[in-house]
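Engineer: Just the structure for this:
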Amino acid sequence: MVFADRATASPAPLSRRAVVAALGAAASGVLLGVAPATAARAAAPGLDDPAKKEIAMKLVSSAENSSLDWKAQYKYIEDIGDGRGYTAGIIGFCSGTGDMLDLVQLYTDRRPGNVLAKYLPALRKVNGTDSHSGLDPDFPKDWRTAAQDTAFQQAQNDERDRVYFNPAVAQGKADGLRALGQFTYYDAIVMHGDGDDPTSFRNIRKRALRSAKPPAQGGDETTYLNAFLDARVWAMKQEEAHSDTSRVDTEQRVFLRKGNLDLNTPLDWKVYGDSYHLG
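Structural biologist: Have a look, this model is predicted:
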């Protein structure tokens, strides 16, 4: 807003439109001395922004599948020996943890008689175990066949969002975290789930809260995220299959040390010794 020199002229009355614009600017932190960081935080896109979400998918895929091509993972399936049975799809749905059962049920609700529908009884029986009973020998082959169906791909997207992505982003926003913080939550809930066990996402967060406060509680964002990542590393080391903490050490902490709280590109990181770049 430009005002005339007070020594030589009187300011013209502001129109109603100008007043409204000025009030809007003030509310967004542009006027009245509000800290620019506050306005920037409000304006920065969260992880649910389409471009940021695409980055999140690629970051997780680099850790889960050693590839940035996350859409190629609809067909992925193997038993990685972590006690969760088969791990499959874009987010690592597991036959032993219930999320694969929920996914196949959703797909069957939408596409009755699909190639995976016949495995629903077996998936119910093996839930909570690492057993392949009733799934071998053809379940992996049939999974890859189903992955060619856009309805199955959409079901994977929807279950990823319902169970993992949306809850992580919502909690991150409630804690006053920007895109990087929301991503640290998302990556944690992907690996650890959100159950009641000590290494679940909610308990990782509780562990972090014992030593730092998130921005929504008046804390410093970087300090809190370091505390959360410390708690995450502790959780990962409780389980042999997850004891390699490079997805934290040489990925998320790299972004945090650079102050990239909005998860802006370019991004350079390593996972399990492999280097990745997003321009």
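Engineer: so how many other residues sit close to the nearest residue to Ser243 once chain neighbours are set aside?
Structural biologist: In space, and not counting its chain neighbours, Ser243 is closest to Lys237: 5.5 Å by CB to CB, 6 or more residues apart in numbering. Every C-beta, even on glycine, is put in place using the N, C-alpha and C of the backbone. Neighbourhood size, Lys237 [other CB atoms under 10 Å]: 13.
Engineer: correct me, but Lys237 touches Thr245?
Structural biologist: Yes. Counting by CB atoms under 8 Å, Thr245 is a contact partner of Lys237 at 7.0 Å.
Engineer: quick one: buried residues of stretch 162-175?
Structural biologist: In terms of neighbour count (16 or more other CB atoms under 10 Å), stretch 162-175 has its buried residues at Val163, Tyr164, Phe165, Pro167, Ala168, Val169, Gln171, Gly172, Lys173, Asp175.
Engineer: make that stretch 210-224, sorry
Structural biologist: Quick answer for stretch 210-224 (16+ other CB under 10 Å): Ala212, Lys213, Pro214, Pro215, Gly219, Glu221, Thr222, Tyr224.
Engineer: farthest-separated two in the residues you listed?
Structural biologist: Lys213 and Thr222 (12.2 Å; CB to CB).
Engineer: Would you state the helices of the protein in chain order?
Structural biologist: Under the criterion DSSP state H, the chain contains helices at 16-27, 36-43, 50-65, 99-110, 120-126, 139-146, 150-160, 166-174, 179-192, 201-209, 221-236, 246-247, 253-257.
Engineer: Which of those comes out lowest on mean pLDDT?
Structural biologist: For those, mean pLDDT drops lowest on helix 16-27, to a mean of 38.
Engineer: mind checking the backbone torsions on Gly92?
Structural biologist: phi 80, psi 50 (degrees, to the nearest 10).
Engineer: Would you confirm that it contacts Glu64?
Structural biologist: Yes. Under the criterion of CB under 8 Å, Gly92 makes contact with Glu64 at 5.6 Å.
Engineer: Need the overlap of contacts for those two.
Structural biologist: Val190 (CB atoms under 8 Å, 6 or more residues apart in numbering).
Engineer: ok, and the closest non-adjacent residue to the spatially most central residue of the chain?
Structural biologist: Residue closest to the average C-alpha location in the chain (CA atoms, centre = their mean): Tyr186, at 2.7 Å. Closest residue in space to Tyr186, ignoring its immediate chain neighbours: Ala168 at 3.9 Å, by CB to CB, 6+ apart.
Engineer: again, but for Gly273
Structural biologist: Ser246 (7.2 Å).
Engineer: roughly how far apart are His208 and Ile77?
Structural biologist: Residue 208: Ala, not His. Distance, Ala208 to Ile77, using CB to CB, to the nearest Å: 33 Å.
Engineer: So for those two, which residue has more residues nearby?
Structural biologist: Higher neighbour count among Ala208 and Ile77: Ala208, with 23 against 20, using other CB under 10 Å.
Engineer: didn't that one look like it was pressed against Asp230?
Structural biologist: Yes. Counting by CB under 8 Å, Ala208 does reach Asp230; the two are 7.2 Å apart.
Engineer: re the thing from before, and the residue nearest to the centre of the chain, what does it touch?
Structural biologist: Taking CB under 8 Å, 6+ apart, we find Tyr186 in contact with Leu47, Ala56, Val60, Tyr164, Phe165, Ala168, Val169, Gly172.
Engineer: And the third one, how close does it get to Asp262?
Structural biologist: So the one you mean is Val60. Taken as CB to CB, the span from Val60 to Asp262 is 18 Å.
Engineer: more neighbours, the two?
Structural biologist: For Val60 versus Asp262, neighbours defined as other CB under 10 Å are more numerous around Val60 (25 against 18).
Engineer: Next one: that one from Ala147, what distance?
Structural biologist: When Val60 is compared with Ala147 (using CB to CB), they lie 18 Å apart.
Engineer: In contact with the nearest residue to Ile189 once chain neighbours are set aside, which residues?
Structural biologist: Counting by CB to CB, 6+ apart, Phe201 is the residue found nearest to Ile189 once chain neighbours are left out, at 4.2 Å. By CB under 8 Å, 6+ apart, the residues touching Phe201 are Ala168, Tyr185, Ala188, Ile189, His192, Gly193, Asp194.
Engineer: That's all I had, so thanks and see you.
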